[in-house]
Structure formats: C-alpha cells, structure tokens
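J.: sequence-free structure coming up:
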C-alpha cells in the first residue's frame, strides 16, 4: 500500500468514528436545533455566494482543461438557479415535520409489559455522488433533519466547490450547538477513500450512491454496508382496448415529452391489437408533432405505413433502453397479460401505467406489474417524493428492501423497540 | 472454469429464472391456496417421517465419518422434537393473517388522483443456511405465506435430508395448484453455486443468511443482492443506582441463565458505583448459585473479595465476547451516561436493559442506547418474534435498514404505490 493510501485509510476511519459519535448526539437533538442549523446554512450560502462561485470557477476551469462534456459542465456549474434551488430546498426541509420519535406500533405483552416500535435515525449514512455540488447541501440537510450523521463523497470535478460548501455546513452545525462532525465531506480525491469507506460496516449503517449506473453498480458490488440504490427508469405505458383515445393521447404525450431526460418519462408504449388501427395513428401523429422519433414492431409499422406516418423498426435492444430523449418504442400486444409480462421482463420496475376505461383490466395491471409505482390513467411523470406528499426527496429506490419508490425523510429512518415493564422475566 | 462450475452456473441461473416467474404468480395467489399448501406440507412430512429419517441417517453417518462435533451432529439430526416443531410451526403460520394487500398509507393528490401504498411481497428470496434441516421447511413456509418465491441453499452435511424435505415442498405446491418452482432447494453441493446465486441481482431481490458469523460475513461481503443479516447478540444489563435489588437479582439471573446459549441472553452486567457495594454481592451470589462464572473489573473484584465471593479479572476481550455460556462480565460505572457509552461501544445493538426505579434515567437509557430493542425492567430474553406478537419469526435483524430486531411475515414484504386517476398529466 502506498503512503497516500495508508493516510487515506486512517483519515476515512477517523471520519467514520467521528460520524458515529456525532450520530449518537444528533439522534436525540431537538427538532428546533436541527431546523436552526438548516436555516443558518441557507443564510450562510446566501451570504457567501460570491466566494462559492469563485471556488466553483476553479472547478469549471479545471474541468474545461480536461475536456469535460458540455452536459457535465452544466451539472458542475453552481448557477444562480442551483443556488436558489438549494436555498428553497433548505427552507422547505426546515418546515417539514420531524420524522423521529413517532410511535409506529404498540403491543401489550400478556405478561403485562408494553412494546412500542418507535422511529429512530439510521445512524451514519455515506452518500457517494458525482459532479453536482448541490447534492452536498441537499443530502447534508436531509440527513440532518432525519437525525443521521452524513459522510459525503462528491466527485473530484467539484472538489473546490464541495470543500467550500462543506465548510459552511460545519459552521452552521457549530453555530447551532450541534456536533460539527454530524456532516463531513471527505477532503481527498484519492480513489482508495471510497473503497475504505465501503468496508466500514461497524461504523456506517447505510450507503446511498447517487449518479450514473456505473457508479451505482460499483458501489453495490463493493459495499459491505447495506446500499439503497436509485437506478434509472424504463417506464412503460399500456393502452388497453377499452380506451378513451383523446385522454390517452394527451397522457402519452405528457409522459414522453414533458421532460424526456428524467427517470419517470415513458420509454415504451404498448397498444392492444383491437384498438391499434384506430388509436395508434392518432397517438403517433401527436407524438411526431412534439418531435418524437417512433420505433415500432413490424405490426405497428404496418399500421403507420398505411397512414403514411414515419417510423423505424425497433431493434431488440430498444425495448430495454432508457432513451432519456424524444424517442419512443411502440409494440402491439394481444392482451393485458401480454402487456404485464412484457413490462415485468423489459421494464426497470420504476413506473408503469395502464390507460383504460375497464376496471377489471386496470386491477389486473395494477396487481400484476411488479413495479414500485403502478398507474391507472395518470402520467408516470408524477413519480416523485414531492408529488407523493413526502416533502423532500432523497431519491427514488428501485430496490425492494427498506424503501421502494420515492424516498423522503421517513425513508431515511429505522426504528427501535422500547419495552417497559416492572421486573418481568421469561419462564 | 471447470465443466462442473459451468453446469452449476447455468443450473443456478435456471433456478433463479424459474423462481422469478413463480414469484409473479405467487404474489397474487389467494391466501386460502397458500394455507392449503402449507397444511398439505405438514401432512406430507407427518406421513413420510420414516423415509425422512432414513435420509437423515445417511447424513448423520457421513457426518460421523467426517468427525463432526457433537453439537453439529445434534443440529443435523431430524429428531422427533425437530419434526414436531416443524409441524407446529407450519400449522401456526397457516393460521396467521396474510400480510399482503394491506393499505399502509394513502394520499390524495391536489390534482384529484389517489396514491395508495400497499404491502406486496419482496419477490425472490435466497436463504443460505447451515446444517439444521428444519430451516428448509420453516423458511419455505414463511416465504410462501408472504408471497415470496424462495431459493434454499442448505449446508452440505444435511444434503440428503434437505433433498427429501424439498421434494415434499414441491409436492405440496403442486397438489395445491401453486407453481412448484415457488420454493426450490439447490440440488448441488458445488461451492460455486453460492457465488453464482449472490450475483443474480436481476432475478433475486433479497438474501437472508442464517447461521454462524463466518457464513453471514461471507454472504454480506460477496452479495450484489441486498442482504438482511442476523448476527448474534452481546446483550447488556445496567443496574442503576435507584435499584429494586430483589427484582434486579431475579431479572439478571433470568437474562443470564434461563437459556444461556441464545442471542438474547445477557453477557455483560454494569452496576452503578453508588449501589455496587450493596447490590453486587447479592447479585453475584445469586448468579454463582446458578453456576455462573464471574469476570469483573478491578473495582468489582475488590467488592466481591471483601465478601469472599469468587471472581476472575475480566480481560479486554471479555467486554465484547458473546459467551453463550454461564459466564458474565461485570463492570462498575459512574453514571447512566457511562453505561450508555459502554453499551454503544461494546454491545452488538441487539437487546439491552436498564434496571431502575428512576424514570428519568430509564428514558435517558431507552433513547441513548442505539440498539434494536431497549428494555426497562424487563428481561432481554423476551427479544423474539413470538413474544413481540409477530407470529412466526424468520430471524432477528441487527441491521438498521428494512427490518430491525425480530422479523415476522410483514418484514418479508415490500410495498408498491398504486395510483388511480382519470387522465391527470404533469404540467
């Protein structure tokens, strides 16, 4: 091991030990004190915006020299919009109810003592992310409000910006009387830091990777600590034979086009054979009107060709591709069962929708599709913590353990059993 | 790769694909049908008990030749007691309410559609265990009732017994009209089977290892699939200065001695300095009366020496050792805070208890100790799914994600969001 790697290993161990200690204080800190720290942080960011932008300029200029893509450069930039979103997010989280302490279940044991299941923080959460510097602040705040200590590992491209933001987080914690180590940014670009962190399962209780699929797979494969994953979405729409075509057309256009670059936008459209001749041309025209490219199976293409509507033949890969772009794959199916089987096979279990006026088909679909969110006549674009009434959102889980679908503050919590009696013993 | 390893890899892939398919049927199978299969299995075990014992005899004789320890031999034996426990367990699980379909939360979106969070199965669960053959039946039944397909990987020592039990499971599924692949036992002793299984994160949603710490660590370190872990317990008792000594004595003896070999038995006893002179000798005598060996810090030893009570000096290792035996470590502390810090440092976050008549100290302890189950004047021996009113128990989680503490049928479930509207689109 190189000296740098050894130094990094002890640094990460120290950070994790400090986080564990801070987490025990934070778990029982009053709501008011946590809110004060969050609002103070917003104030500090506002007051230091020019300094932050100067640090961000260093990152942007280094990134430019390294030939970064324009899309990545945009994610890296601490724009006015990013700053105002961070501030709005902080103020909103401060106003949300504290998730801790709520009694989830109670049970009276026949021997006369009580068992209460109470919501508590997870403990120490490691967050691994890429170039967007706002994640540093967003995640620090969500963890703080839910009583968790956070260890933040941001992308090396945003190093200077993240260090500057993390200093303000520490200052806000200190000035509010909370342990300053309750949120720590890993101050090294050394790659071994991540590998070390992922093995500290005695000090860190949860890892949340945020970013591209490569990062998330790496973390899931190397972590000895439980991971909550947020893969992207291959969302499907199924237009059943009992169809309100006008409503369906509007909804399909919305699910595909309103913001095609996000995980809850639709990628595949399935249409029941019995309605396809009538509905597909109308829907296709509406999509083309929004600039969408159509890729369809031979049966769909035959229908579209008859109406002189342009489309390509879909390749096998298309059905499992997340385009994140103005492209949609279209397939004719014979039944709701076939639609369900297709979605369970090609979808990513994120968000899928049936369009129908038939209650029976809808119920079959809602029960049969094995996805985090299943819709009946509502656009998949609604899959989002805010829309679901969770307040803030830390991400959307495509796992089935712990949290599934949009995750808010409560999903950043665990629970404990509190048992109170007067000397009961087991016989 | 050897031919055997390649064959094993395709075998495990096939098992996982079949399990995934079966899980989609099982997720929506009626409660009645699942109960029929469970009761049929109990009947089949009863009818085939002699054949099962003949298969078990093969395993026992092979184990004897391999020089297995008597304790392991005992775990391997399909005794009358093990059979009757399996049967009782099956009948009990059949009577428990179905955890699926329950509405957990609802939310009405301002745009006029409804969001309902509903309990659903996890999907496919892999269970990795060691030599006890009853685990094959217990886990198949718990997964079945909770709507999950199971893939069972038992220890090679119990191979013949497990194969025979698994055949009965398949028969019970078939005869009840459920997919026979809903519960599959891996029919090879090849070690590479486990490594293959742990990587199939596209087909298997959850891994539960059951057994010794070595097995659990191996699985947690190598799995690409989320794992629910069940480590053993280093449970602590803290006798506060405000103490009902008679009650404390009885409870301490119970927590240590009633069944010392289990994870919820106490291993460490902390006593507040202000009560130690008075309480420790009485407690120590009671423990010695039950055959318990005392290992104490120098201050505790000084008190015991004064009263001519035999004890050893505890070594550093003792505080973090799970004895699972009639041994207890004893330490004098200055405050509730010191007790809490000790437990958070040396305990295994399983089950810890404060003995006190002081409500303030108790609340400090219940909030401050970061364990799955925290007790006030109740024996730690109660940490158990049955005692907590969960019905059956698949294990006790020492993780903080998904499930913490005793896990029943509901903890074998995930949830999905069902959304119903009439054409709402995102604007």
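T.: Perfect, I can see it now. All values reported here derive from a predicted model rather than from experimental measurement.

J.: can you list the residues of the stretch 151-300 of chain A near chain B?
T.: Residues of the stretch 151-300 of chain A lying close to chain B by Cβ under 8 Å from any Cβ of the partner chain are A:201, A:205-206, A:220-221, A:224, A:226-228, A:244, A:247, A:250-251, A:254-255, A:258. In short, each C-beta sits where N, CA and C put it, glycine included.

J.: Pull the most distant pair out of those.
T.: A:201 and A:244 (52.1 Å; Cβ to Cβ).

J.: From the contact counts, what lies against the longest helix seen in chain A?
T.: In chain A, with assignment by DSSP state H, the single longest helix is helix A:3-26. Secondary-structure packing of helix A:3-26 (3 or more Cβ pairs under 8 Å, 6 or more residues apart in numbering or on different chains; DSSP states H and E): strand A:124-129, strand A:149-153, strand A:183-185, helix A:192-197.

J.: Not counting sequence-adjacent ones, nearest residue to residue A:426?
T.: Closest residue in space to residue A:426, ignoring its immediate chain neighbours: residue B:381 at 3.8 Å, by Cβ to Cβ, 6 or more residues apart in numbering or on different chains.

J.: what helix or strand does the closest residue in space to residue A:358 that isn't next to it in sequence sit in?
T.: Using Cβ to Cβ, 6+ apart and skipping the chain neighbours, the partner closest in space to residue A:358 is residue A:242 (3.9 Å). Per DSSP states H and E, residue A:242 falls between elements, in no helix or strand.

J.: and residue A:242, how many residues sit next to it?
T.: 16 (other Cβ atoms under 10 Å in any protein chain shown).

J.: Could you measure from it over to chain B?
T.: Computed as Cβ to the nearest Cβ, to the nearest Å, the residue A:242 to chain B distance reads 14 Å.

J.: burial measure for the residue nearest to residue A:426, as a count.
T.: 26.

J.: Ok, the one 10 residues further on next?
T.: When neighbours are defined as other Cβ under 10 Å, residue B:391 has 18 of them.

J.: again, but for residue A:44
T.: 18.

J.: For it, which residues are in contact?
T.: By Cβ atoms under 8 Å, 6 or more residues apart in numbering or on different chains, residue A:44 lies in contact with A:168, A:171, A:172.

J.: Assign a three-state SS to residue A:78, would you?
T.: Under DSSP: H, G, I helix; E, B strand; the rest coil, residue A:78 falls in the coil class.

J.: what does the one 5 residues further on give?
T.: For residue A:83, the secondary-structure state derived from three-state DSSP is helix.

J.: Kindly report the same for residue A:349.
T.: With three-state DSSP as the criterion, residue A:349 reads coil.

J.: Torsion angles phi and psi at the closest residue to chain B within the stretch 51-200 of chain A?
T.: Relative to chain B, the nearest point of the stretch 51-200 of chain A is residue A:107 (4.3 Å; Cβ to the nearest Cβ). Here is the backbone geometry of residue A:107 (degrees, to the nearest 10): phi -150, psi 130.

J.: shaky segments in the stretch 1-150 of chain A?
T.: Low-confidence segments of the stretch 1-150 of chain A (pLDDT under 70): A:1-2.

J.: what residues does it put near chain B?
T.: Those residues of the stretch 1-150 of chain A that sit near chain B, judged by Cβ under 8 Å from any Cβ, are A:24, A:27, A:28, A:107, A:109, A:113, A:115, A:120, A:122, A:123.

J.: Would you mind giving the residues you listed as a markdown table with neighbour count added?
T.: Compiled in a markdown table, these are given as follows (neighbours: other Cβ atoms under 10 Å in any protein chain shown):
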| residue | neighbour count |
| --- | --- |
| A:24 | 19 |
| A:27 | 19 |
| A:28 | 14 |
| A:107 | 15 |
| A:109 | 16 |
| A:113 | 21 |
| A:115 | 22 |
| A:120 | 25 |
| A:122 | 26 |
| A:123 | 22 |
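
J.: And those residues, which two are furthest apart?
T.: A:24 and A:109 (28.4 Å).

J.: What segments of the stretch 201-350 of chain A are strands?
T.: Remark: strands assigned in the stretch 201-350 of chain A by DSSP state E, counting those that start in this stretch are A:206-210, A:235-239, A:266-272, A:293-296, A:312-313, A:327-333.

J.: Now render these as a markdown table, adding mean neighbour count and mean pLDDT.
T.: Output for the strands of the stretch 201-350 of chain A, formatted as a markdown table (neighbours: other Cβ atoms under 10 Å in any protein chain shown; pLDDT from 0 to 100):
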| stretch | mean neighbour count | mean pLDDT |
| --- | --- | --- |
| strand A:206-210 | 24 | 94 |
| strand A:235-239 | 28 | 98 |
| strand A:266-272 | 27 | 98 |
| strand A:293-296 | 21 | 98 |
| strand A:312-313 | 12 | 97 |
| strand A:327-333 | 24 | 98 |
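
J.: Quick check: buried residues in stretch A:406-426?
T.: The neighbour-count criterion (16 or more other Cβ atoms under 10 Å in any protein chain shown) identifies A:406-421, A:423-426 as the buried residues of stretch A:406-426.

J.: Contact partners for residue A:112?
T.: Residues in contact with residue A:112 (Cβ under 8 Å, 6+ apart) are A:421, A:422, A:424.

J.: Wasn't residue A:162 part of a helix?
T.: Yes: with three-state DSSP as the criterion, residue A:162 is part of a helix.

J.: And for it, nearest residue in space, chain neighbours not counted?
T.: residue A:154 is the one closest to residue A:162 (Cβ to Cβ, 6+ apart), at 4.3 Å.

J.: For the one you found, list the residues it contacts.
T.: Shown in contact with residue A:154 (Cβ under 8 Å, 6+ apart): A:129, A:130, A:131, A:133, A:135, A:136, A:162, A:185, A:186.

J.: Can you spell out the domain ranges of chain A, please?
T.: A:3-229+A:406-420, A:235-382 (automatic domain parsing).

J.: now those in CSV, with distance to residue B:17?
T.: Shown next, in CSV, are those (distance: least, Cβ to Cβ, whole Å):
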stretch, distance to residue B:17
domain A:3-229+A:406-420, 21
domain A:235-382, 11
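
J.: thinking again about what came up before, now render the contacts of residue A:112 as a markdown table, adding secondary structure, distance to residue A:305 and pLDDT.
T.: Output for the contacts of residue A:112, formatted as a markdown table (DSSP: H, G, I helix; E, B strand; the rest coil; distance: Cβ to Cβ, whole Å; pLDDT from 0 to 100):
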| residue | secondary structure | distance to residue A:305 | pLDDT |
| --- | --- | --- | --- |
| A:421 | strand | 76 | 97 |
| A:422 | strand | 81 | 97 |
| A:424 | strand | 77 | 98 |
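
J.: Tell me the buried residues in stretch A:41-59?
T.: Within stretch A:41-59, the residues that qualify as buried are A:41, A:42, A:44, A:45, A:48, A:52, A:53, A:55, A:56, A:59, counting by 16+ other Cβ under 10 Å.

J.: next one: stretch A:76-85
T.: A:76, A:77, A:78, A:82, A:83.

J.: Same question for stretch A:17-27.
T.: Those would be A:18, A:19, A:20, A:21, A:22, A:23, A:24, A:26, A:27, for stretch A:17-27 by 16+ other Cβ under 10 Å.

J.: Tabulate those residues in CSV, adding columns for distance to residue B:3.
T.: Converted to CSV, those look like this (distance: Cβ to Cβ, whole Å):
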residue, distance to residue B:3
A:18, 52
A:19, 49
A:20, 48
A:21, 53
A:22, 54
A:23, 50
A:24, 54
A:26, 55
A:27, 54
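
J.: Of the strands of the stretch 201-350 of chain A, which is nearest residue A:100?
T.: Nearest of the strands of the stretch 201-350 of chain A (Cβ to Cβ): strand A:206-210, 15.8 Å.

J.: pLDDT at residue A:265, what is it?
T.: pLDDT recorded at residue A:265 is 96.

J.: what does the one 10 residues further on give?
T.: In the predicted model, residue A:275 carries a pLDDT score of 98.
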